[in-house]
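J.: 3D model of this:
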Amino acid sequence: MLAAVLSDIHANRQAFEAVLADARSAAVDEIWCLGDIVGYGGDPEACVQLALTECDLLLGGNHDLAVVGRLSIDDFSPRARESTQWTARTLSPAAIAALTPLESLAEREAIGLYHGSPRHPVWEYVITAALADLCLDSAAQRVCVVGHSHVAGAFSRSNGRPATGAVRRAGDVNDLSTGEWLLNPGSVGQPRDGDPRAAWMTIDTSTGAATWRRSDYDIATAQAAIRAADLPDSLAERLQYGQ
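T.: Below is the predicted model of the structure:
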């Protein structure tokens, strides 16, 4: 089975639509979304509806849970708090009802799927090899995929050695058939690795190949939606830099 794995859409309709189109062109069998459908961007309602109709598996991220009142925004940054409050006022009752029951972890095809990490499915950012080691220690699965950090990358370990890892770029491929792995597809709607294109990945469960991908999208229109919502302009500006 070929699965497309997405995360951190953040209400960026243009990026989401571009990734979905590319995933269909790649003839994926399923689409798995690791959460944060909303937050930061200007099109939350459209993105929730796209996620509900296009994704075969849907997790809830910290922004999704905060919008529906399941998570406090006290620890959010000022920009995150403002966008969360605006999103909660903007979403339809049906969209709120759809987000409310989402969980932050799942398993598909023996692969662990988490918004944050296997240790802390909602909040933990796995950005160091030391943290990856701890997460692999606690994971029930040999291969795990996480979102949340907005940075495409992979950590791996084998033969009792400590985990190692690095950022992954478009076109990078790893063979998951041996060893332990913790992968991140990057962010669809707000990449933070210096590449402004929407980030995602595919996993071929029959061959074990994980491939990191990027999709071009209309950044200017996504920025205009943020500004039309009167959200902080920095949320629009950062999209063109991938930061």
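J.: low-confidence stretches in the protein?
T.: The chain contains no residues with pLDDT under 70.
J.: mind listing the strands for it?
T.: Remark: strands assigned in the chain by DSSP state E are 2-6, 30-33, 57-58, 105-108, 111-114, 143-146, 153-157, 164-167, 173-175, 180-184, 198-204, 209-215.
J.: tabulate the ones you listed (a markdown table), appending distance to Gln14 and mean neighbour count.
T.: Where you see a C-beta, it was placed from the backbone N, CA and C, and this is true even at glycine. Below are those laid out as a markdown table (distance: least, CB to CB, whole Å; neighbours: other CB atoms under 10 Å):
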| stretch | distance to Gln14 | mean neighbour count |
| --- | --- | --- |
| strand 2-6 | 14 | 25 |
| strand 30-33 | 17 | 23 |
| strand 57-58 | 20 | 18 |
| strand 105-108 | 27 | 17 |
| strand 111-114 | 25 | 25 |
| strand 143-146 | 24 | 25 |
| strand 153-157 | 24 | 22 |
| strand 164-167 | 24 | 15 |
| strand 173-175 | 27 | 14 |
| strand 180-184 | 22 | 26 |
| strand 198-204 | 9 | 26 |
| strand 209-215 | 10 | 21 |
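J.: and these as JSON lines, adding distance to Ala95?
T.: JSON lines is the format used below for the strands of the chain (distance: least, CB to CB, whole Å):
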{"stretch": "strand 2-6", "distance to Ala95": "18"}
{"stretch": "strand 30-33", "distance to Ala95": "15"}
{"stretch": "strand 57-58", "distance to Ala95": "13"}
{"stretch": "strand 105-108", "distance to Ala95": "21"}
{"stretch": "strand 111-114", "distance to Ala95": "22"}
{"stretch": "strand 143-146", "distance to Ala95": "25"}
{"stretch": "strand 153-157", "distance to Ala95": "31"}
{"stretch": "strand 164-167", "distance to Ala95": "33"}
{"stretch": "strand 173-175", "distance to Ala95": "35"}
{"stretch": "strand 180-184", "distance to Ala95": "26"}
{"stretch": "strand 198-204", "distance to Ala95": "22"}
{"stretch": "strand 209-215", "distance to Ala95": "24"}
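J.: wait, which of the ones you listed is closest to Gly39?
T.: Gly39 lies closest, by CB to CB, to one member of these: strand 30-33, at 13.6 Å.
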